[in-house]
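Visitor: Take this sequence and fold it.
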Amino acid sequence: RMEGRGSYTLPTGTEYRGELKDGMFHGEGVLLFPGGGRYQAVWHRGVPAEGKYTFADGLEYKDEKWHYCDGYDRRFYTEICSGLKPAGISQLTNLDPPRKIPAGCYDCGDGFYNPETRIVVDYKLRFLRNA
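Guide: As a prediction, the model looks like this:
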């Protein structure tokens, strides 16, 4: 039977790396899943005594205080980390909060265009050019 430190690959492609005793996972070890997830645990005679699951994107699963992909906010962990807004909250530009556009003007990338005066001013409202 397997004893000591080693690795074992299951028929599903999941790999165990860690301590073995009497042919069973026993001691510290990690299950590496084909999709990139991992379950690190302390095992006792083949049964995990305590452990944590980490998804492929780095999110750690927690029984309590689970705030990801619930009924109110369907974003994934990587979407939250990169600043993607939840459904119903529009984000029109990369800036958050977006620039305040003066009434009747248009954002043209380097400043604001006023169609009444036909002038483009920068974001500090300084003259840039005539349109």
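Visitor: Could you use CA atoms for every contact and neighbour count after this?
Guide: Noted.
Visitor: any idea how the chain splits into domains?
Guide: 1-84, 92-130 (the TED database).
Visitor: so can I have CSV of these showing mean neighbour count and mean pLDDT?
Guide: Converted to CSV, those look like this (neighbours: other CA atoms under 10 Å; pLDDT from 0 to 100):
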stretch, mean neighbour count, mean pLDDT
domain 1-84, 15, 85
domain 92-130, 13, 87
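Visitor: which residue packs closest to the most centrally placed residue in the chain, ignoring adjacent ones?
Guide: Nearest residue to the geometric centre of the chain (CA atoms, centre = their mean): residue 78, 1.7 Å. Among residues not flanking residue 78 along the chain, residue 57 sits closest, at 6.8 Å (CA to CA, 6 or more residues apart in numbering).
Visitor: just checking, the one you found touches residue 79?
Guide: No - with contacts counted by CA atoms under 8 Å, residue 57 stays clear of residue 79, the gap being 10.5 Å.
Visitor: and residue 79, which of the three is it?
Guide: Three-state call for residue 79 (DSSP: H, G, I helix; E, B strand; the rest coil): helix.
Visitor: how much space is there between it and residue 22?
Guide: According to CA to CA, to the nearest Å, residue 79 and residue 22 sit 44 Å apart.
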